[in-house]
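Q: After the sequence you'll find the predicted model.
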Amino acid sequence: MSNVSQLKRLGLFDSRVPRYTSYPPATQFKPGMNANMVTGWLESMPQRTAISLYLHVPFCRRLCWFCACRTQGTKTLDPVMAYVDTVLAELDLLRRHLPRGIRLSRLHWGGGTPTLLPPDQMRRLADAIFDVVPMAEGAEFSVEIDPSEIDAARMAALAASGMNRASIGVQDFDPRIQDAIGRQQSFDLTGQAVDLIRSHDIASLNADILYGLPHQDRNRISETVQKLLALSPDRVALYGYAHVPWMSKRQVMIPEDALPGNEDRLTLFNTARDLFVADGYAEIGIDHFARPGDGLAVAQKAGRLRRNFQGYTDDGAQVLLGLGASSISRFPQGYAQNAPATGAYTAHIREGRLPHARGHAFTPEDLWRGRMIEQVMCDFRVDAAEMARDYGLTPAQLQQAFDPLVAQFGNMVQLGPWGLRITPEGRPLARMVANMLDAYTAAPTSHSSAV
């Protein structure tokens, strides 16, 4: 890019900032959630409203070295079966506090490896969830699928349970890179999984790949993207690998001397982005791409794109319930996170208590700052009219929020009566812009590189 030197001067390659899938970021959540407060949030939902639900399955048969998710390895299914029982018990506890007529607009199973579950346990979990919160008309049920951990019986169980969107993790197809990150997954194996998904008429396919991996260069990422394009996913997430071995101990296995520098990371991202755009994908926010007819692309055009813990979404539900260890729920009043460790999560449930261990209650300032940050991350702008209409911000308050951004980023941002806009050349700075709208502070080591 012709403006690399300017991006460097503005600090892009030296910054570590949140990904802003929430505001405030989860690093700001505090322990000791008041149980009555959270049950009050649950019970205050309007009857017959549509909500989202995320189920976390924290088990993997293999622990990939690059991953920083809350997961644990297992060689047998015994702990997985016990965990399913605990999740069902959590559902029973939630049932007591949910208003009448609640429906699901989105259901997502993530992990870990949800497809580690045997077919009967998949159906058991889905039936239990739908018994407590039935699916609304046109709802979406998505599942993260590990191509090395799926077969015809499990795919049939998921399809029969209503899964209509599948997500596969690719990371990179290069064998040397796969060896360096502890995830061996051939293109042929991935293609077989895609064929299996499509044979069950699943409506949409997502794929995740990473840039910034060890030994990655322009040629290798180009080859991976071209192979992925041959599988024709409807939606792609192009995430930057976050090397945080002080937080995720397994990452000590990653050879640090083989990691690309931050300027090289930007080159890798731009190389992949150009290939997706050339193939007809729309750019969605900072790191997603979608076919023109995909829900994300439609939502972006209509100004309905949102951001939550799963990344970008077209889901407009005001409530996201997190089910399982470490899952995070979002209410209009704040966040509540389940106990991260499986043992602590299970102990709460056995004692007949909802397992919320930490969280954050919103202040009025959190709400308007959070919406500004979401607009920056989704649309590279802040809409002054919306901030005045929905949050009562005056022109003077908006000016106070915007002036530091102009002082810091110069011609990379533009001001007008419509609000603030990041220029196309300045879009790599979006997370840094969002960070300047963030009223909370955290140690830079808590977050990943801004590029």
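A: Yep, that arrived.

Q: Report the helix or strand with the lowest average pLDDT across the chain.
A: strand 448-449 (a mean of 76; mean pLDDT, DSSP states H and E).

Q: Run through the neighbouring helices and strands of that strand.
A: strand 16-17 (3 or more Cβ pairs under 8 Å, 6 or more residues apart in numbering; DSSP states H and E). Using the backbone N, CA and C atoms, a C-beta is placed for each residue, glycine as well.

Q: For the least confident helix or strand of the chain, what is the distance to the chain centroid?
A: 15 Å (Cα atoms, centre = their mean, to the nearest Å).

Q: List the pairing partners of it within its sheet, with orientation.
A: Partners of strand 448-449 in the sheet, by DSSP bridges, are strand 16-17 (antiparallel).

Q: Report the rounded mean pLDDT for the strand it pairs with.
A: Strand 16-17 carries an average pLDDT of 92.

Q: next helix or strand past it?
A: strand 30-31 (DSSP states H and E).

Q: May I have the strands that pair with that following strand, each with its orientation?
A: By DSSP bridges, strand 30-31 pairs with strand 356-361 (antiparallel).

Q: Could you export the strand it pairs with as CSV, CA atoms only?
A: Extracted in CSV, the C-alpha atoms of strand 356-361 (Å, rounded to 0.1, in the frame of the first residue of the first chain):
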residue,chain,number,x,y,z
HIS,A,356,-22.2,-16.4,36.3
ALA,A,357,-18.8,-15.6,37.7
ARG,A,358,-18.0,-12.1,36.4
GLY,A,359,-19.4,-9.4,34.2
HIS,A,360,-20.2,-5.8,33.8
ALA,A,361,-23.3,-3.6,34.3
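
Q: immediately after that strand, which helix or strand?
A: helix 364-379.

Q: Using CSV, write down the CA coordinates of that next one.
A: Provided in CSV are the C-alpha atoms of helix 364-379 (Å, rounded to 0.1, in the frame of the first residue of the first chain):
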residue,chain,number,x,y,z
PRO,A,364,-25.2,5.3,30.3
GLU,A,365,-21.7,6.3,28.9
ASP,A,366,-20.9,2.7,28.2
LEU,A,367,-24.0,2.5,25.9
TRP,A,368,-23.1,5.4,23.7
ARG,A,369,-19.4,4.7,23.6
GLY,A,370,-20.2,1.0,22.8
ARG,A,371,-22.4,2.0,19.9
MET,A,372,-19.8,4.4,18.5
ILE,A,373,-17.2,1.7,18.6
GLU,A,374,-19.6,-0.8,17.0
GLN,A,375,-20.2,1.7,14.2
VAL,A,376,-16.5,2.2,13.7
MET,A,377,-15.9,-1.5,13.5
CYS,A,378,-18.8,-2.2,11.2
ASP,A,379,-19.1,0.8,9.0
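
Q: what about that helix, average pLDDT?
A: On average, helix 364-379 scores 98.

Q: for it, which positions count as buried?
A: 366, 368-379 (16 or more other Cβ atoms under 10 Å).

Q: What angle do strand 356-361 and it make with each other?
A: 90 degrees (axes from the mean of the first three to the mean of the last three Cα atoms, to 10 degrees).

Q: next SSE after helix 364-379?
A: strand 381-383.

Q: That following strand: partners in the sheet, and parallel or antiparallel?
A: strand 419-422 (antiparallel).

Q: low-scoring pLDDT stretches of the protein, where are they?
A: 1-2, 442-446 (pLDDT under 70).

Q: pull the longest strand from it.
A: Secondary structure of the chain per DSSP state E: the longest strand is strand 135-145.

Q: what's it packed up against?
A: Short answer (3+ Cβ pairs under 8 Å, 6+ apart): strand 135-145 packs on strand 103-111, strand 165-171.

Q: okay if I get the ones you listed as JSON lines plus mean neighbour count and distance to residue 298?
A: Below are the helices and strands packed on strand 135-145 laid out as JSON lines (neighbours: other Cβ atoms under 10 Å; distance: least, Cβ to Cβ, whole Å):
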{"stretch": "strand 103-111", "mean neighbour count": "22", "distance to residue 298": "15"}
{"stretch": "strand 165-171", "mean neighbour count": "23", "distance to residue 298": "14"}
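
Q: Which one of those lies nearest to residue 254?
A: strand 165-171 (12.3 Å; Cβ to Cβ).

Q: Next, the angle strand 103-111 makes with whichever strand or helix holds residue 130.
A: Assessed by DSSP H and E, residue 130 sits inside helix 119-132. Put simply, helix 119-132 runs at 150 degrees to strand 103-111, going by the same axes, to 10 degrees.

Q: Please spell out which residues along helix 119-132 are buried.
A: 119, 121-126, 129, 132.

Q: Now for residue 46: which residues touch it?
A: By Cβ atoms under 8 Å, 6 or more residues apart in numbering, residue 46 lies in contact with residue 99.

Q: I'd assumed residue 19 was in contact with residue 449.
A: No: between residue 449 and residue 19 there is no contact under Cβ atoms under 8 Å: 10.6 Å.

Q: re the thing from before, give the pairing partners of the longest strand of the chain; include direction for each.
A: Counting by DSSP bridges, strand 135-145 is paired with strand 103-111 (parallel), strand 165-171 (parallel).

Q: Not counting its own residues, what contacts that strand?
A: 50, 103-111, 113-115, 126, 158, 161-169, 193, 197, 206, 295, 315.

Q: same thing with stretch 305-312?
A: 20-22, 52, 54, 108, 110, 237, 284-285, 287-288, 296, 299, 313-316, 320, 322, 328, 330, 374, 377-379.

Q: List buried residues within those.
A: 20-22, 52, 54, 108, 110, 237, 284-285, 287-288, 296, 299, 313-315, 320, 322, 328, 330, 374, 377-379.

Q: Now that we have the strands paired with strand 135-145, can you turn them into a markdown table and tack on distance to residue 348?
A: A markdown table is the format used below for the strands paired with strand 135-145 (distance: least, Cβ to Cβ, whole Å):
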| stretch | distance to residue 348 |
| --- | --- |
| strand 103-111 | 20 |
| strand 165-171 | 29 |
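
Q: which stretch among those strands comes nearest residue 231?
A: strand 165-171 (8.6 Å).

Q: Measure how far the closest one is from the centre of its chain, please.
A: 13 Å.

Q: Tell me the first helix or strand C-terminal of it.
A: helix 175-181.

Q: Off-centre distance for that next one?
A: With Cα atoms, centre = their mean, you get 24 Å for helix 175-181.

Q: tell me what it is packed against?
A: Partner elements for helix 175-181 (3+ Cβ pairs under 8 Å, 6+ apart): strand 165-171.

Q: neighbouring contacts of the strand it packs on?
A: Contacts for strand 165-171 (Cβ under 8 Å, 6+ apart): 64, 66, 140-147, 177-178, 181, 183, 185, 190, 193-194, 197, 202-210, 213, 224, 228, 233.

Q: 7 Å instead, please
A: 66, 140-147, 181, 183, 190, 193, 197, 202-210, 228 (Cβ atoms under 7 Å, 6 or more residues apart in numbering).

Q: contacting residues around the spatially closest residue to residue 43 that is not a sequence neighbour?
A: Residue nearest to residue 43 in three dimensions, not counting chain neighbours: residue 97, with 5.2 Å by Cβ to Cβ, 6 or more residues apart in numbering. Residues counted as contacts of residue 97 (Cβ under 7 Å, 6+ apart) are 39, 42-43.
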